[in-house]
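[1] Sharing a model prediction with you, sequence too.
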Amino acid sequence: MLKQRKHKKFNYQSRYSKEDHSARENEHVSKREISNEWDRTRRTSSDKRKGITLPLLLLLLGIIIAVLYYLETKIG
C-alpha cells in the first residue's frame, strides 16, 4: 500500500579516524605556528602604534558638544 522510505546514507568519517591522523597533526602544528606568529606580531606592533584611544575620543566628543552648545546659545 504505502511506499516505505529508503534509509539515508551518509558519508561520515569519524573525527578521530586513524587513517587521517598524520594530516590532522600537521594541520594542528601549522595552526599553532600561525597563532605564535600572530602573538609575536601583536606584541611588537602594539608598542609602535597606539592609535586613537578612548580618552582621546571622549575629549573630542566633549569638545564637539561644547562647540555645539556655544553655537546654539549664540544663535538663539
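    Yep, it's here. Residues are numbered from 1 along each chain as shown.
[2] residue ranges for the helices of the chain, please.
    Using DSSP state H, the helices of the chain run over 21-48, 54-75.
[3] Residue ranges in the protein under the pLDDT threshold?
    Under the criterion pLDDT under 70, the flagged ranges of the chain are 1, 16-25, 45-50.
[4] Could you rerun that using 90?
    Where the chain drops to pLDDT under 90, the residues are 1-54, 75-76.
[5] what about Ile63, how many residues close to it?
    The number of residues packed near Ile63 is 10, by other C-beta atoms under 10 Å. In short, each C-beta sits where N, CA and C put it, glycine included.
[6] could you check the distance from it over to Leu57?
    11 Å (C-beta to C-beta, to the nearest Å).
[7] list residues touching both of the two?
    Residues touching both Ile63 and Leu57 (C-beta atoms under 8 Å, 6 or more residues apart in numbering): none.
[8] Alpha carbons of stretch 30-40, in CSV - could you do that?
    In CSV, the C-alpha atoms belonging to stretch 30-40 read as follows (Å, rounded to 0.1, in the frame of the first residue of the first chain):
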residue,chain,number,x,y,z
SER,A,30,50.5,24.8,11.3
LYS,A,31,47.7,26.4,13.4
ARG,A,32,50.0,26.6,16.4
GLU,A,33,52.7,28.2,14.3
ILE,A,34,50.3,30.8,13.0
SER,A,35,49.0,31.6,16.4
ASN,A,36,52.6,32.0,17.8
GLU,A,37,53.4,34.3,14.9
TRP,A,38,50.3,36.3,15.4
ASP,A,39,51.1,36.7,19.2
ARG,A,40,54.6,37.9,18.3
